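Participant: pasting the sequence and the predicted model now:
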Amino acid sequence: CVCVGVCICVCRPSLSLHPFCSLFIPSSDWVIFPIALPIADHYSTLLVAGGETVVQVSGHGRGGRCQHMALVIATLLAKRALSSSHEHVTVLCAGSDGQDGPTSAAGAVVDATTVAKAAVMGLDPETFLRECDSNTFFSRVGGLVQPGLTGTNVMDLFVLFIRRPPL
């Protein structure tokens with residue numbers, strides 16, 4: 001496993017990843033991610049980043065910034081899996097304090113199958129994104145990370161793992 005980087009992220013101006021909610025994305029993610037993918041063509045890759053995103057709330061749902069970001073990433077992974085060799089991508093978005101927004105979850109873990117699981121259940125992730133209701137989405141589909149309160153609040157953690165089959 002190759003560790004591409006461990007970084008403290010700083011926020012940059014708002015970037016619209018999704019039409020329903022804009023996110024402030026840690027800028028180093030956009031620097032490191034293109035570096036990680038070519039390495040992932042040959043090795044399993046783990047990328048760890050930290051910082052905090054900001055969600056522009058547009059609905060009346062439940063969730064927090066980490067759960068929301070995980071749901072946005074799940075939709076991006078679902079689209080990417082249709083045209084990429086990186087189907088074995090898993091992403092964790094979680095608050096180090098064990099709580100994300102007004103919920104009992106610290107965040108969520110997603111992969112390229114998250115959206116497909118939702119579709120089988122008749123759930124549309126776009127509806128949950130529009131309502132900023134990521135907690136309800138992950139409560140139904142699975143993927144919530146619920147470690148309990150940790151007693152510390154360092155930053156939100158974003159972990160990207162790209163698993164390559166053995167050679």
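Facilitator: Alright, I've got the coordinates. Everything numeric in this text was worked out from a predicted model, so none of it was measured. Residues are numbered from 1 along each chain as shown.
Participant: now stretch 67-80: buried residues?
Facilitator: Using 16 or more other Cβ atoms under 10 Å as the test for burial, stretch 67-80 gives Q67, H68, M69, A70, L71, V72, I73, A74, T75, L76, L77, A78. The C-beta positions use only the backbone N, C-alpha and C, and glycine is treated the same way.
Participant: which ones among the residues you listed map onto strands?
Facilitator: Among those, no member is found in strands (DSSP state E).
Participant: in helices, which of these fall?
Facilitator: Q67, H68, M69, A70, L71, V72, I73, A74, T75, L76, L77, A78 (DSSP state H).
Participant: re earlier: of the buried residues of stretch 67-80, closest to G101?
Facilitator: Q67 (7.0 Å; Cβ to Cβ).
Participant: thought that closest one was touching S104?
Facilitator: No - Q67 is beyond contact range of S104, at 11.3 Å (criterion: Cβ atoms under 8 Å).
Participant: out of the buried residues of stretch 67-80, who's nearest A108?
Facilitator: A70 (3.8 Å).
Participant: how about the strands of the protein, start to end?
Facilitator: Counting by DSSP E, the strands of the chain are 2-8, 45-51, 89-95, 107-111, 144-145, 156-162.
Participant: could you report the neighbour count for G64?
Facilitator: For G64, the count of nearby residues is 26 (other Cβ atoms under 10 Å).
Participant: can you report phi and psi for the residue nearest to it when sequence neighbours are not counted?
Facilitator: In space, and not counting its chain neighbours, G64 is closest to G101: 2.6 Å by Cβ to Cβ, 6 or more residues apart in numbering. Backbone torsions of G101, given as degrees, to the nearest 10, read phi 70, psi -160.
Participant: for G101, give its distance to F161.
Facilitator: Look at G101 and F161: by Cβ to Cβ, to the nearest Å, they are 24 Å apart.
Participant: again, but for R62
Facilitator: Using Cβ to Cβ, we find R62 at a distance of 27 Å from F161.
Participant: over to L47?
Facilitator: For L47 relative to F161 (Cβ to Cβ), the value is 8 Å.
Participant: and A49, by the same measure?
Facilitator: Distance, A49 to F161, by Cβ to Cβ: 12 Å.
Participant: okay, those two: which has more neighbours?
Facilitator: A49 (21 against 18).
Participant: how about that one, nearest residue that isn't a chain neighbour?
Facilitator: Sequence neighbours aside, F158 is the residue nearest to A49 in space, at 4.5 Å (criterion: Cβ to Cβ, 6+ apart).
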